[in-house]
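A.B. asks: The amino acid sequence is not available; the structure is as follows:
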DNA sequence: TATGATT
């Protein structure tokens, strides 16, 4: 292995000689020949600590930047990452070593943001692209600088190549291997990396990373493959998208934290004010991005402040004026927190729910009709001597009107026995997915039109709903007619099962049961 | 159309 050796005394002790470094460091051995294998080297996990923190929108960081004045760089210049440099070498010391390959546009030693400590690496941009290639070929892994145990790293900075050619692939089936994924993506370009994500047990998580050699290739794979097919056993069509950037990953982690602790103000959740401010900004930014670009992942209640929701709620749908309630449909809309029922829907139900031992939740009747009167006036068979329950009320309300629930912003009226969902509750619904064991319901045979909010409204009478989720088909954006509701306690979940399992809506009956535990389907 | 995801 070729090495650098120091042939002079330390130049820091000789300040009268400004730049002796290129004479003090000399090549020994045959290492000056170009490397045949320029890529895939040591991990360098420290290099992003600088750029994952928020930066001012204009201007550059005040880490030591030493552009050669008057030197313009090529449009296609390559920013190099330099690793494994001794911590006592500063820009001025490194410059001579790299200058031999061309004019330097910018050379920056990476310093710890807070301590200012030299991190043993640097970024280097030559004015000419060609210089960068020469430097990489000559130096990368070819010499070891004095005091270092590993050879110097000279290669394009990850910021140069990463990010826009690495794809995240979701909704694979768990049997698909790296090779299967490779075959799938092969037609769209040169694949540099293909990894199936696996858990600790080695089982596939049903997703993968595929890195193409160019952005264009990656883009063409997205166009061709995203949503193009559904793998056997996968719950939705194939997902092909650019992998998260560091920033997105940070956001994701924060969202998870927020969900986990049930805290909605990052300034309270996180200990350091800089982090809190950052978290806050990131999340706001993320919310804005999502609302603007693919609002489908967000409910209106996420995208708009509560006051705005209330305004939206005042609008009518289907050209019908608000508050034209009939006893049945009015109750339905009341029950679901909707406000403008259609006028002509009175289809009686044929099959009634099985209600066992559920104590009805007190609820008021805004139209002046008590629930029991509504019920019998509709010609329904009586199935028990119990007083009417929340489920009964809902049963009446649902009949024949579910087609009106689709696009409506929920949370605009007070549901039975409940107060209006607070903003925190609405946000939490997106963040906090599962409740404790025994609190999570799986609901099948939902009306096609039901979204997360309608589902939540339907189950609010039985307790505090911490989340509700209707499964959507990614390709068609249609409900798959099943979903989850989580309560904060098992008794509410049981009450909801008792009342709502078998509950008829239109021609279908709801199936409401405890969600299968995660490991239930595992063999052995 | 059958159990919330996955970086």
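C.D. replies: Happy to help now that I have it. Every value quoted in this text rests on a predicted model; they were computed, and no experiment measured them.
A.B. asks: I'd like the distance between residue A:127 and residue A:79.
C.D. replies: 12 Å (C-beta to C-beta, to the nearest Å). Just so you know, the C-beta spots here come from the backbone N, C-alpha and C atoms, and that holds for glycine as well.
A.B. asks: Who are the contact partners of residue A:109?
C.D. replies: Applying C-beta atoms under 8 Å, 6 or more residues apart in numbering to residue A:109 gives the contacts A:63-64, A:85, A:89-91, A:94, A:118-119, A:121-122.
A.B. asks: Nearest residue to it in space, please, no chain neighbours.
C.D. replies: residue A:122 (4.6 Å; C-beta to C-beta, 6 or more residues apart in numbering).
A.B. asks: Domain boundaries for chain A, per the record?
C.D. replies: Domain assignment for chain A by the TED database gives A:74-156, A:166-253, A:440-514.
A.B. asks: For the stretch 251-400 of chain A, give me the ranges with low pLDDT.
C.D. replies: Residue ranges of the stretch 251-400 of chain A with pLDDT under 70: A:255-400.
A.B. asks: For the nearest residue in space to residue A:500 that is not next to it in sequence, the count of nearby residues, please.
C.D. replies: Take residue A:500 and drop its neighbours on the chain: the residue closest to it by C-beta to C-beta, 6+ apart is residue A:512, 4.5 Å away. For residue A:512, the neighbour count with other C-beta atoms under 10 Å is 22.
A.B. asks: wait, what's in contact with residue A:512?
C.D. replies: By C-beta under 8 Å, 6+ apart, the neighbours of residue A:512 are A:441-443, A:496-497, A:500-503.
A.B. asks: Out of those, which is nearest to residue A:131?
C.D. replies: Ranked by distance to residue A:131 (C-beta to C-beta), the contacts of residue A:512 are led by residue A:442 at 61.3 Å.
A.B. asks: Let me see the contact set for the nearest residue to the closest one once chain neighbours are set aside.
C.D. replies: Excluding its sequence neighbours, the residue lying closest to residue A:442 (C-beta to C-beta, 6+ apart) is residue A:515, at 4.4 Å. Shown in contact with residue A:515 (C-beta under 8 Å, 6+ apart): A:434, A:440-442, A:484.
A.B. asks: coming back round to it: as CSV, the contacts of residue A:512 with secondary structure and distance to DNA strand B would be great.
C.D. replies: Output for the contacts of residue A:512, formatted as CSV (DSSP: H, G, I helix; E, B strand; the rest coil; distance: C-beta to the nearest atom of the strand, whole Å):
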residue, secondary structure, distance to DNA strand B
A:441, strand, 7
A:442, strand, 4
A:443, strand, 9
A:496, helix, 12
A:497, helix, 12
A:500, helix, 14
A:501, coil, 12
A:502, coil, 12
A:503, coil, 14
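A.B. asks: from those, which would you call buried?
C.D. replies: Burial by neighbour count, judged by 16 or more other C-beta atoms under 10 Å, picks out A:441, A:443, A:496-497, A:500-503 from the contacts of residue A:512.
A.B. asks: Check the residues you listed and tell me the two furthest apart.
C.D. replies: Most distant of the buried ones among the contacts of residue A:512, by C-beta to C-beta, are A:441 and A:502, 13.6 Å apart.
A.B. asks: What degree of burial does the closest residue to residue A:437 other than its chain neighbours show, as a neighbour count?
C.D. replies: Closest residue to residue A:437 apart from its sequence neighbours, by C-beta to C-beta, 6+ apart: residue A:517 at 7.0 Å. Using other C-beta under 10 Å, residue A:517 has 11 neighbouring residues.
A.B. asks: Quick check: residue A:517 vs residue A:156, distance?
C.D. replies: Distance from residue A:517 to residue A:156, by C-beta to C-beta: 47 Å.
A.B. asks: Which one among the contacts of residue A:515 sits at the bottom for pLDDT?
C.D. replies: Checked by pLDDT, these have residue A:434 as the lowest-scoring entry (85).
A.B. asks: Quick check: that residue vs DNA strand B, distance?
C.D. replies: The gap separating residue A:434 from DNA strand B is 4 Å, by C-beta to the nearest atom of the strand, to the nearest Å.
A.B. asks: quick check, that residue in a strand?
C.D. replies: No: Residue A:434 sits outside any strand when classified using DSSP: H, G, I helix; E, B strand; the rest coil, being coil.
A.B. asks: so it touches residue A:469, yeah?
C.D. replies: No: between residue A:434 and residue A:469 there is no contact under C-beta atoms under 8 Å: 9.8 Å.
A.B. asks: Can you point out the buried residues in stretch A:91-100?
C.D. replies: A:91, A:93-95, A:97-99.
A.B. asks: could you give the mean pLDDT of it?
C.D. replies: Average pLDDT, stretch A:91-100: 95.
A.B. asks: Enumerate the residues of the stretch 351-500 of chain A near DNA strand B.
C.D. replies: For the stretch 351-500 of chain A, the residues in contact with DNA strand B (C-beta under 7 Å from any atom of the strand) are A:433-435, A:440, A:442, A:444, A:448, A:467-469, A:471, A:473, A:478-482, A:484-486.
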